[in-house]
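Enquirer: predicted model and sequence follow; I will ask about them next.
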Amino acid sequence: MLPEKEVKQTVPLESSQSKDKGKKPVRMFQPQKKKPKVKSDNQNFTGYMFISPFLIGLFALTLFPILYSLYLSFTDYDLMGTPNWIGMDNYVRMFTNDPTFWTSMKVTFFYAGVAVPFRLVFALLVALALNKIVEMAGLYRTLLYLPSVVGGSIAIAIMWRQLFGNEGAINSILAGLGLPTHPWLGDPDTAIWTLIILYGWQFGSSMLIFLAGLRNIPKTYYEASSVDGASPLRQFFIITLPLLTPVILFNTIMQVIQGFMAFTPSFVVTNGGPVNSTLLYVLYMYERAFEYFDMGYASAMAWVMLIIIAIFTALIFKSSEHWVHYEGDSK
Amino acid sequence: MKKKSLWLAFLLSIGLILILGACSGDSEEASGESDNKKEEDGVTTLRMTWWGSQSRHDQTQEIIKKFEEENPDIKIEPEFTGFDGYFEKMAASAAGNNLPDIMQQNFGEYLNQYADKELLADLTPFVEDGTIDVEGVSDTVMESGVKDGKILGIPTGTNALTAFYNKDMLSEAGIEDLDGEWTWEDYEEISTKIHEATGTFGARLMEPKNLFEYYLREQGYKLFNEDGTDLGYEDDQLLVDYFTRNKELVEAEVAPGYDTIQTIKGVEDELIVRGEAAFDFRWSNQATALDSAAGDKQIEMTLLPGENNDTGMYLKPAMLWSVSENSEHKEEAARFIDFFTNNIEVYKIAGSDRGVPIKEEIRNELSSELNDTDKKVYEYIELVTENSSPIDSNFPPQATEVLAALEEVDEMVIYGQLTPEEGAEMFREKATSILGR
């Protein structure tokens, strides 16, 4: 009996090994003598045990709230009472009877539409510059990354409010230079721009990813092209940019998502004002949920934003076939 | 195989959630037990929340310390923030059925909302059995904490809208002292004169949140109708007039626009404190904060303008103390409220920061040792008591949103994006749609 079993076992083993290692004579010594199936189940179990903290987090803290908010979006939940099912009412009201919703939508699209490209271009330029620096690259990299480390924080937003305040640093500098000062945060036309600049300034993480992408482009391409007499500018457009497109794709998607979900800057710097000119979507959602106790409506808003982001991400992915170049692609 | 492992993962995590749930349930019971044990030792822990400025935080903690000294069986855990975010935080606590035992509550739409959701305990039994002693407090004051026949809050003190003014700036412009008999036209004229004489602003911009309601009351209208289902005035011209007056003052640079108002960082940073405006309309309990920040400027208080300002003016509870329905120690919480209402030490520490004491004995007893600011406030409240009409309490739960819409429209009018007529129309549209939901 025993030898037979052994033979049975060795067959799958052999084949599985042959896939990656070729035919090496490992058969001589067999470490696994028990049923491999049980073993693998055990292994799986141990594995799941190890990742259970993550799984619990995923189910209890992410998946459940997401689905619950979907349910709430069809109710009139006001945080304190019990939710009553009201069907599509929240969605209908949003699209037909809430001008502030459309204001916040416009503000958010403008914000994301300007701030995201601004940050990406800025990050790429800085990454290109850093790529050239040889001495003390680490120091510069750290310094330039710093705004992003503290960037999401309230502290920076408060500093921004001081900088652009009527008696803030920017106006002091302007006055010192004899230029006219301006109520940056008090003027509905300029307030949103202070937030856009704040977003652009926190370019660190995109910059690091760009930098990593740049380091991955083989030097030989540049050498070869300079032998052929290509100018640095031409090199940038025919070598750097095409080879960087996968990284650009990644950064664009991440930043678009972040741009649509921005909250802290408008909450802290302007609180949506003046005249709702900086009322970002998520801030309005927060107001609905916690100031007007309109949690059902806010949940519906969250789902609308999810759909918008999903559409944008899908569009970017779809379009990537036409502009993203993967090395080794025959195209 | 893949499906199977997914299932396994799913079941596993469900199981773990259940286990965790069971664990937390256990610990809750355990903590409940320890609470009971504590009670056996004779110490009950209460949670208490309030909003306010730093000086209120310090004073209230001192009051708590005093209370704990006299009541060694109760320990109070304070939680405090500024007004911004306070009710957001409370809403989240209410959703988790976790409101504090004692909470500082606000009159009007807030109290009505909490009453509507039955989140606050009825304090009637405690008032009846004398745990909370409110003997001699006037009915109009007590009524402000009553909703649907239940006492849901005990006023911390009385408050009234006040026209604060800088007397020095008035005399600089050659204007005699005010006596509370003045019209809106007088107000405009005086502000303009001050602006011309001093070069600073004559008045702070009036923000509509409380002042438009006063403006309506002064002319015999209310902001909301009796059952809170619609606006309480028919003629949009009222709001048009209100907008127009403010707009004219801003355009003449007698009052600042919102670009200036937005940069003010708090009461201590107000224009009147810095000597950059002569008038400021706000609540009387902010006198202490204004006075102490204003240094040696002579800040006085008088009634708001208007021919019929005695119908417009009203006494309001500065705040209310409420006990949450989910509290397990309602009686202990009631004892703290009693302490706050009846112990003179409280007012020696806090002055009129939470309004003028509701009990006459305390007011009388204190009158000899009041500082100048508090004396002014006490006198002012007396003046208002004689020249006022009962407060309106018909605020619907959506009032917060309606007032936010009013502020938004007001901003648009002052910024010149809308004419006063368009603004008044837009506000009615918004308010009707909010109230009609």
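Expert: The structure has been received and is ready for your questions. Numbering: from 1, shown residues only, chains lettered A, B, ... in the order given.
Enquirer: verify the stated contact: residue B:120 with residue B:323.
Expert: Yes - using Cβ atoms under 8 Å, residue B:120 is in contact with residue B:323, at 6.8 Å. (Glycine included, C-beta is placed from N, CA and C.)
Enquirer: tell me which of those two has more neighbours.
Expert: residue B:323 (30 against 25; other Cβ atoms under 10 Å in any protein chain shown).
Enquirer: quickly find the element holding that one.
Expert: strand B:320-323 (DSSP states H and E).
Enquirer: show me what that strand is in contact with.
Expert: Strand B:320-323 is contacted from outside by B:101-107, B:111, B:114, B:120-121, B:123, B:144-145, B:152-156, B:330, B:333-334, B:336-337, B:340, using Cβ atoms under 8 Å, 6 or more residues apart in numbering or on different chains.
Enquirer: ok, and the closest non-adjacent residue to whatever residue of chain A ends up closest to chain B?
Expert: Closest contact between chain A and chain B, by Cβ to the nearest Cβ, is at residue A:186 (2.7 Å). In space, residue A:186 comes closest to residue B:259 once its chain neighbours are excluded; the distance is 2.7 Å by Cβ to Cβ, 6 or more residues apart in numbering or on different chains.
Enquirer: what's near enough to touch that neighbour?
Expert: A:166, A:183, A:186, A:187, A:274.
Enquirer: could you redo the last one with a cut-off of 10 Å?
Expert: A:166, A:182, A:183, A:184, A:185, A:186, A:187, A:188, A:191, A:274, B:414, B:415 (Cβ atoms under 10 Å, 6 or more residues apart in numbering or on different chains).
Enquirer: ok, residue B:114 touching residue B:99?
Expert: Yes - here residue B:114 reaches residue B:99: they are 8.8 Å apart, a contact under Cβ atoms under 10 Å.
Enquirer: now do the shared contacts for those two.
Expert: In contact with both residue B:114 and residue B:99: A:80, B:90, B:91, B:120, B:322, B:324, B:325, using Cβ under 10 Å, 6+ apart.
Enquirer: for those, pick the one with the most neighbours.
Expert: residue B:322 leads the shared contacts of residue B:114 and residue B:99 on contacts (other Cβ under 10 Å) with 30 neighbours.
Enquirer: bridged to that residue, which residues?
Expert: Beta-bridge partners for residue B:322, by DSSP bridges, are residue B:103.
Enquirer: secondary structure element for the residue of the stretch 151-300 of chain B at minimum distance from chain A?
Expert: Scanning the stretch 151-300 of chain B for the residue nearest chain A gives residue B:259, at 2.7 Å (criterion: Cβ to the nearest Cβ). Assignment of secondary structure by DSSP H and E places residue B:259 within helix B:258-261.
Enquirer: hang on, the earlier thing: for residue B:120 and residue B:323, list the residues in contact with both.
Expert: With Cβ under 10 Å, 6+ apart, residue B:120 and residue B:323 have common neighbours B:99, B:103, B:105, B:152, B:153.
Enquirer: ok, then the element right after the helix or strand of chain B with the lowest mean pLDDT?
Expert: In chain B, no helix or strand scores lower on mean pLDDT, DSSP states H and E than helix B:2-41, which sits at a mean of 49. Counting by DSSP H and E, the element after helix B:2-41 in chain order, helix or strand, is strand B:44-51.
Enquirer: give me the residues contacting the helix or strand that that following strand is followed by.
Expert: Sequence order places helix B:54-70 as the next helix or strand after strand B:44-51, per DSSP H and E. For helix B:54-70, contacts defined as Cβ under 10 Å, 6+ apart pick out B:43, B:46, B:48, B:50-53, B:74-78, B:80-82, B:104, B:266, B:268, B:285, B:288-289, B:292, B:335-336, B:339-340, B:343, B:345-351, B:353-354.
Enquirer: okay, residue B:100 and residue B:200: tell me how far apart.
Expert: 44 Å (Cβ to Cβ, to the nearest Å).
Enquirer: who's more crowded, these two?
Expert: residue B:100 (23 against 18).
Enquirer: spit out the contact partners of that one.
Expert: Here residue B:100 is in contact with B:46-50, B:76-79, B:90, B:93, B:322-324, B:326-327, B:333 (criterion: Cβ under 10 Å, 6+ apart).
Enquirer: part of a strand, is it?
Expert: No - per DSSP: H, G, I helix; E, B strand; the rest coil, residue B:100 lies outside any strand segment and is coil.
Enquirer: phi first, then psi, for it.
Expert: Residue B:100 adopts backbone torsions of phi -70, psi 160, taken as degrees, to the nearest 10.
Enquirer: find the residue closest to it in space, skipping its chain neighbours.
Expert: residue B:47 is the one closest to residue B:100 (Cβ to Cβ, 6+ apart), at 3.9 Å.
Enquirer: I figured that neighbour hits residue B:103, correct?
Expert: Yes - if you go by Cβ under 10 Å, residue B:47 and residue B:103 touch, sitting 8.7 Å apart.
Enquirer: give me the nearest residue to residue 124, chain neighbours excluded.
Expert: No chain in the question, so chain A it is. residue A:210 (5.3 Å).
Enquirer: let me rephrase: I mean chain B.
Expert: residue B:151 (5.0 Å).
Enquirer: with residue A:323 instead?
Expert: That would be residue A:245: by Cβ to Cβ, 6+ apart, it lies 6.1 Å from residue A:323.
Enquirer: before we move on, back to that, so is whatever helix or strand comes next after the helix holding residue B:259 next to chain A?
Expert: Using DSSP H and E, the helix or strand that follows helix B:258-261 in sequence is strand B:277-283. No - using Cβ under 10 Å from any Cβ of the partner chain, strand B:277-283 stays clear of chain A, with a minimum separation of 15.1 Å.
Enquirer: buried residues in the helix or strand following strand B:277-283?
Expert: Proceeding N to C from strand B:277-283, the next assigned helix or strand is helix B:287-294, under DSSP H and E. By 16 or more other Cβ atoms under 10 Å in any protein chain shown, the buried positions in helix B:287-294 come out as B:287, B:288, B:289, B:290, B:291, B:293, B:294.
Enquirer: thank you, goodbye.
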